[in-house]
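Enquirer: Let's see this in three dimensions:
(one chain, ligands or ions: 1)
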Amino acid sequence: MNDALNVANSEPPSTRSEVIQEDEPPPSPAVLHQFNEARPPFLLNAKKLARMSPASRAYKRAFHKETTDREWNDWHWQVKNRLRSLEHIEKVIELSPDERAAIEQGGSMLPIGITPYYMSLLSRLNARQGLRRTVIPSLQEFVRLPGEADDPLAEDSHSPVPGIVHRYPDRILFLVLDYCTTYCRYCTRSRVVGHGEITASSARLEQALDYIRRTPTIRDVLLSGGDPLSLKDEKLDWILTKLREIPHVEFVRIGTKMPAVLPQRITPELIKMLKKHHPLWMSVHFLHPDECTPEAFRACSKLADAGIPLGCQTVLLKGVNDDVETMKSLMHKLLLMRVRPYYLYQCDPISGSAHFRTTVQKGLEIIQGLRGHTTGYAVPQYVIDAPGGGGKIPLQPEYLVGREGDHLVLKNFEGKTFHYPDPVVPERPPVAAEAETNGYSRRSALRTLREAPEDLLSNQGHLCHSG
Ligand code: SF4
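Expert: Numbers count the residues shown, from 1 in each chain. Here you go, the predicted structure:
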């Protein structure tokens with residue numbers, strides 16, 4: 001039995017027509033314009049939100065006229081109608097020569113997969129649109145620069161059993177399958193996702209669970225893949241139940257991009273199942289404000305209402321979200337969706353990723369443009385996942401300028417300079433040290449210390465509200 005949702009759509013991608021019937025007339029220019037230009041409004045009340053954003057409605061009208069709203073909002077329909085081949089994609093967007101050549105030459109590299117919902121958010125004409133670049137291949141994926149690698153984080157060499165990456169002492173990555181409904185061109189795990197080699201077979205999962213059972217240092221398990229929410233509810237329920245039976249596993253997280261690429265997946269049945277396994281956290285993956293649609297808002301609201309804390313992991317991508325205004329807009333919308341910006345990742349140097357990677361300086365500028373200029377909760381931690389498996393290394397702009405005597409020199413978010421009293425505390429209290437130097441006994445030195453004037457004693461350390 002196939003436990004993923006892709007029952008009718010097993011990888012690698014077929015060339016079967018799934019989207020447009022051959023005899024369907026082409027959409028009118030007016031409809032195409034609407035699809036291309038529509039930008040979903042952002043509303044705050046989930047209950048009042050339209051079930052479909054204007055962009056999705058325009059797309060459905062253009063390319064799935066016969067499909068009912070009910071079918072469109074059913075994730076099974078979305079999965080079954082994913083766009084996976086040149087033939088299908090060029091019927092809904094105008095491909096650039098570069099995109100067309102990349103799809104034709106794609107071969108066995110990272111497969112293509114885009115849900116109709118996510119496709120509705122892409123520009124039909126503009127190949128430079130940020131979201132479009134993240135899911136439509138480019139010939140630049142075939143250019144491998146020095147320092148790039150298929151497995152830059154050395155996950156394979158930190159894998160004690162198939163499906164487990166054990167890098168930090170107390171936590172692991174549990175790769176439950178390699179399937180995603182929508183494939184990101186910058187995926188760190190593009191060497192494995194979509195290739196159908198990591199399956200959610202019970203035997204494979206049991207082997208991984210067994211490793212967790214016999215490793216008592218593991219207190220935190222992050223389910224990842226592929227996308228764990230691609231599994232059927234029953235299979236995910238089974239995995240979570242098994243994990244909850246292990247006494248030393250305290251903390252379980254699910255890493256998923258579903259709220260962004262297939263928000264229809266967040267069904268009442270899924271929510272009901274997830275609620276059985278608290279405390280459960282979720283790391284969602286949004287990278288651009290255009291992903292924050294009414295559908296995504298509704299999906300995140302359901303998860304948050306179920307008591308699942310949501311943190312967002314965003315990858316910094318050149319030409320997609322590498323400017324302060326785009327990033328700030330994304331972070332604000334995440335907060336409105338009750339998602340806490342968690343990490344901003346420097347893009348990993350996977351093979352063929354140079355066109356997505358910014359300089360680290362650019363990332364620092366973005367953090368500087370957020371810190372102090374907006375809500376602290378809206379500022380994620382900027383990190384580099386160290387090549388070779390060194391783990392996440394935090395990066396932040398330099399706010400500590402230096403030291404002037406007993407003062408630290410600091411720079412605030414406006415670039416203004418401030419001094420903070422931070423006296424250099426000697427290893428031993430000066431009065432006691434001086435007493436010993438002069439031949440006094442330890443007892444008399446302490447008496448001297450007790451009798452010392454208050455302003456001198458105040459130099460011995462901080463005995464304030466935190467003391
Ligand atoms: S959803 Fe995650 S695992 Fe899947 S392709 Fe995108 S980044 Fe990779």
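
Enquirer: Centroid-nearest residue for the protein?
Expert: The centroid of the chain falls nearest to Q313 when counting by CA atoms, centre = their mean (2.5 Å).

Enquirer: my hunch is that that residue is in a helix, does that hold up?
Expert: No - remark: Q313 does not belong to a helix; assigned using DSSP: H, G, I helix; E, B strand; the rest coil, it is strand.

Enquirer: Can you tell me the element the closest residue to it other than its chain neighbours falls in?
Expert: Using CB to CB, 6 or more residues apart in numbering and skipping the chain neighbours, the partner closest in space to Q313 is Y343 (4.8 Å). All C-beta spots, glycine's among them, are computed from the backbone N, C-alpha and C. According to DSSP states H and E, Y343 maps onto strand 340-346.

Enquirer: which of the residues in that strand are buried?
Expert: Neighbour-count burial for strand 340-346, counted by 16 or more other CB atoms under 10 Å, picks out 341-346.

Enquirer: Are there helices or strands packed against the helix or strand that it is followed by, and which ones?
Expert: Reading on from strand 340-346 to the C-terminus, the next helix or strand found by DSSP H and E is helix 360-370. Helix 360-370 sits against strand 310-316, helix 324-336, strand 340-346, strand 381-386, strand 391-395, with contacts defined as 3 or more CB pairs under 8 Å, 6 or more residues apart in numbering; DSSP states H and E.

Enquirer: Now flag whichever of the buried residues of strand 340-346 is closest to the ligand.
Expert: For those, the residue nearest the ligand by CB to the nearest ligand atom is Y345; the value is 10.4 Å.

Enquirer: Tell me the spatial nearest neighbour of the closest one, not counting adjacent residues.
Expert: Excluding its sequence neighbours, the residue lying closest to Y345 (CB to CB, 6+ apart) is V315, at 4.8 Å.

Enquirer: any idea how far that neighbour lies from G255?
Expert: Counting by CB to CB, to the nearest Å, the gap from V315 to G255 is 13 Å.

Enquirer: which neighbours do these two share?
Expert: H285 (CB atoms under 8 Å, 6 or more residues apart in numbering).

Enquirer: what residues are up against the single nearest residue of the stretch 301-450 of the chain relative to the ligand?
Expert: For the stretch 301-450 of the chain, the residue closest to the ligand is V315, as judged by CB to the nearest ligand atom, at 7.7 Å. Neighbouring residues of V315 by CB under 8 Å, 6+ apart: 186, 285, 287, 344-345, 347.

Enquirer: how does it look with 10 Å?
Expert: Neighbouring residues of V315 by CB atoms under 10 Å, 6 or more residues apart in numbering: 134, 184, 186-188, 285, 287, 321, 343-348, 356-357.

Enquirer: and it, what pLDDT?
Expert: pLDDT for V315: 98.

Enquirer: nearest residue to W77 other than its sequence neighbours?
Expert: Closest residue to W77 apart from its sequence neighbours, by CB to CB, 6+ apart: E71 at 4.6 Å.

Enquirer: so what does the helix or strand where the one you found lies touch, helix or strand wise?
Expert: E71 is part of helix 69-72 when elements are defined by DSSP H and E. Counting contacts by 3 or more CB pairs under 10 Å, 6 or more residues apart in numbering; DSSP states H and E, helix 69-72 is packed against helix 54-63, helix 75-80.

Enquirer: next helix or strand past the shortest one?
Expert: In other words, helix 75-80. According to DSSP H and E, the helix or strand after helix 75-80 is helix 86-92.

Enquirer: Now that next one: buried residues?
Expert: Residues of helix 86-92 classed as buried under the neighbour-count rule (16+ other CB under 10 Å) are 86, 88-89, 91-92.

Enquirer: try stretch 131-145
Expert: Under the neighbour-count criterion of 16+ other CB under 10 Å, stretch 131-145 has 131-139, 141 buried.

Enquirer: care to break the protein down by domain?
Expert: Per automatic domain parsing, the structural domains of the chain span 29-142, 156-395, 430-460.

Enquirer: what sits against the closest residue to R144 other than its chain neighbours?
Expert: Leaving aside its sequence neighbours, R144 sits nearest to S351 (CB to CB, 6+ apart; 4.7 Å). If you count contacts by CB under 10 Å, 6+ apart, S351 has them with 109, 141-145, 148-152, 190-191.

Enquirer: The residue in the stretch 251-400 of the chain that the ligand sits nearest to: what's its closest spatial neighbour, skipping adjacent residues?
Expert: At 3.7 Å from the ligand, K257 is the closest residue in the stretch 251-400 of the chain, using CB to the nearest ligand atom. The spatial neighbour of K257 that comes closest, neighbours along the chain excluded (CB to CB, 6+ apart), is H285 at 4.1 Å.

Enquirer: Then Y186?
Expert: Leaving aside its sequence neighbours, Y186 sits nearest to F356 (CB to CB, 6+ apart; 4.7 Å).

Enquirer: In this structure the one you found contacts T134, no?
Expert: Yes - F356 is in contact with T134 according to CB atoms under 10 Å; the separation is 8.3 Å.

Enquirer: Can you pull the residues that touch both of these two?
Expert: Contact criterion CB under 10 Å, 6+ apart; residues bridging F356 and T134 by contacting each: 184-186, 315, 317, 319-320.

Enquirer: State the pair within those residues that is farthest apart.
Expert: C184 and G319 (14.6 Å; CB to CB).

Enquirer: higher neighbour count, those two?
Expert: Using other CB atoms under 10 Å as the criterion, C184 and G319 rank with C184 on top: 22 against 14.

Enquirer: Which pLDDT value belongs to the residue nearest to Y186?
Expert: Per-residue confidence (pLDDT) for F356: 97.

Enquirer: ok, it - contacts?
Expert: Contacts of F356 (CB under 10 Å, 6+ apart): 133-134, 138, 140-141, 184-186, 315-320, 322, 347-348, 350.

Enquirer: Show me what from this protein comes close to the ligand.
Expert: Selection of the chain residues close to the ligand by CB under 6 Å from any ligand atom yields 180, 183-184, 187, 189, 193, 225-227, 257.

Enquirer: and the residues you listed as TSV, adding pLDDT, distance to K411 and secondary structure?
Expert: Shown next, in TSV, are the residues of the chain next to the ligand (pLDDT from 0 to 100; distance: CB to CB, whole Å; DSSP: H, G, I helix; E, B strand; the rest coil):
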residue	pLDDT	distance to K411	secondary structure
C180	96	42	coil
Y183	96	42	coil
C184	96	36	coil
C187	95	37	coil
R189	91	38	coil
V193	89	42	coil
G225	87	42	coil
G226	92	43	coil
D227	97	41	coil
K257	98	37	coil
